[in-house]
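Peer 1: My questions are about this predicted structure, shown below with the sequence.
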Amino acid sequence: MATSSVKPLEVISKEQYEEIKDKQDWRNVLSISSNWLQMSAAMALFFFYPNVITFLVALVIIGSRQFALAVLAHDAAHNLLFANNKVNDWAGQWFCAYPIFQDNRVYRPYHLKHHRHTETDDDPDLVLSSPFPITKRSFIRKVFRDLTGITGVKRYWGSLSSIFRTKGDNVFNKISKTSNKLHGFLISNLIIFILISTTMHWSLFLLLWWLPSFTYYSLIIRIRNISEHAVTPGNNDFDNTRTTKSTVLTRFLMVPHNVNYHLEHHLFTRCPWYNLPKAHSMMIENGYEDKMCLETSYKNVLLKAVSA
């Protein structure tokens, strides 16, 4: 399916475009710090008051903040995290991507290809949206696999398998290339393990760092993937990507850092996450609301994506 290519200045004025491109480094210093502090507080809550409720609360908060780091790593892949590109890449890798087993050196070219070929046969993410709508039974099976960690195991096993299949001219070259791909993940997680072990207990590294990543984080990714491109008209740049309105609670638990403004992100790829609501308002003011693929809630998206 072919899609048209809408240029930003066809939608908003040059002055408006300059306004939404404005980068404010302090926002992401605050956001990165806040996400890590929230995860630390959630883990401490269970450590000092261990029971089923505090465990589930901590698991959900940490899983949602891990996804928040993924969103910030995504902004770094677009060079939107910090104005200085070296700082952008370093902070995006070490504070956002590496800890959650993501590597922007791999993710950036993959993701930019998705932007160039959204919802076409050349879109590497097409497999995430094309199967929908699906049956309710199929959706329940997918959610079950997410919440039991099966999806997470498949995701991480696939990533590790790809890394260990790295080819090299000889054994030493292969080891060098493999370690280059793994070192950030290993170092960042070793630091996390040491911090958790010295301040609380080593078991929390498994229970409240990795378990949320294998479970709740997987569920968030699935719902986000469905909401962004599944069951959209897909005829042009205004309706092959969806923006979904959300409540304060939904934004905290599932769609942090304005990731629900996905249509605006696709149209204005140089717009940092904190300016996406402003971009949305500009489009509405400029008369594009009827052309936009908008949904009022994630519940409504799922009702479209899941048949009886």
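Peer 2: Done, it's in. Numbers count the residues shown, from 1 in each chain.
Peer 1: which stretches of the protein have low pLDDT?
Peer 2: Scanning the chain with the threshold set as pLDDT under 70 gives 1-4, 168-169, 308.
Peer 1: distance of Val255 from Ile226?
Peer 2: 12 Å (C-beta to C-beta, to the nearest Å). C-beta coordinates here come from the backbone N, C-alpha and C atoms, glycine included.
Peer 1: and if you look at Glu10?
Peer 2: Distance, Glu10 to Ile226, using C-beta to C-beta: 29 Å.
Peer 1: can you check Thr215 too?
Peer 2: Using C-beta to C-beta, Thr215 is found at 18 Å from Ile226.
Peer 1: Between these two, point out the one with more neighbours.
Peer 2: Ile226 (26 against 20; other C-beta atoms under 10 Å).
Peer 1: Now do the strands in the stretch 151-300 of the chain.
Peer 2: 243-244, 294-295 (DSSP state E, counting those that start in this stretch).
Peer 1: for the stretch 1-150 of the chain, same thing?
Peer 2: 134-135.
Peer 1: returning to what we had before: with mean neighbour count and distance to Asn84 added, can I get the strands of the stretch 151-300 of the chain in a markdown table?
Peer 2: Putting the strands of the stretch 151-300 of the chain into a markdown table (neighbours: other C-beta atoms under 10 Å; distance: least, C-beta to C-beta, whole Å) gives the following:
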| stretch | mean neighbour count | distance to Asn84 |
| --- | --- | --- |
| strand 243-244 | 24 | 30 |
| strand 294-295 | 18 | 35 |
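Peer 1: Let me have these in TSV, extended by distance to Lys113.
Peer 2: Conversion of the strands of the stretch 151-300 of the chain to TSV gives the following (distance: least, C-beta to C-beta, whole Å):
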stretch	distance to Lys113
strand 243-244	22
strand 294-295	26
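Peer 1: which stretch among these comes nearest Phe144?
Peer 2: Across the strands of the stretch 151-300 of the chain, Phe144 has its closest neighbour in strand 243-244 (23.5 Å, C-beta to C-beta).
Peer 1: what packs against the closest one?
Peer 2: helix 262-267, strand 294-295 (3 or more C-beta pairs under 8 Å, 6 or more residues apart in numbering; DSSP states H and E).
Peer 1: right, so these: which one is the most enclosed?
Peer 2: helix 262-267 (a mean of 23; mean count of other C-beta atoms under 10 Å).
Peer 1: Return the distance of the longest helix along the chain from the chain's centre.
Peer 2: Counting residues, the longest helix found in the chain (DSSP state H) is helix 171-199. Relative to its chain's centre, helix 171-199 lies at 22 Å (C-alpha atoms, centre = their mean, to the nearest Å).
Peer 1: For that helix, buried residues please.
Peer 2: Neighbour counts using 16 or more other C-beta atoms under 10 Å place Thr178, Lys181, Leu182, Gly184, Phe185, Ser188, Asn189, Ile192, Ile196 of helix 171-199 among the buried residues.
Peer 1: which one of these is nearest Ile221?
Peer 2: Using C-beta to C-beta, these come closest to Ile221 at Phe185, 17.9 Å.
Peer 1: Surely that closest one touches Tyr98?
Peer 2: Yes. Counting by C-beta atoms under 8 Å, Tyr98 is a contact partner of Phe185 at 5.4 Å.
Peer 1: Could you list every helix and strand in contact with the longest helix of the chain?
Peer 2: Using 3+ C-beta pairs under 8 Å, 6+ apart: helix 171-199 touches helix 150-164, helix 203-205.
Peer 1: re the thing from before, please identify which of the strands of the stretch 151-300 of the chain is closest to Asn35.
Peer 2: strand 243-244 (21.5 Å).
Peer 1: Need the residues that contact that closest one.
Peer 2: For strand 243-244, contacts defined as C-beta atoms under 8 Å, 6 or more residues apart in numbering pick out 227, 255, 260-264, 280, 292-298, 301.
Peer 1: All good on my end, thank you.
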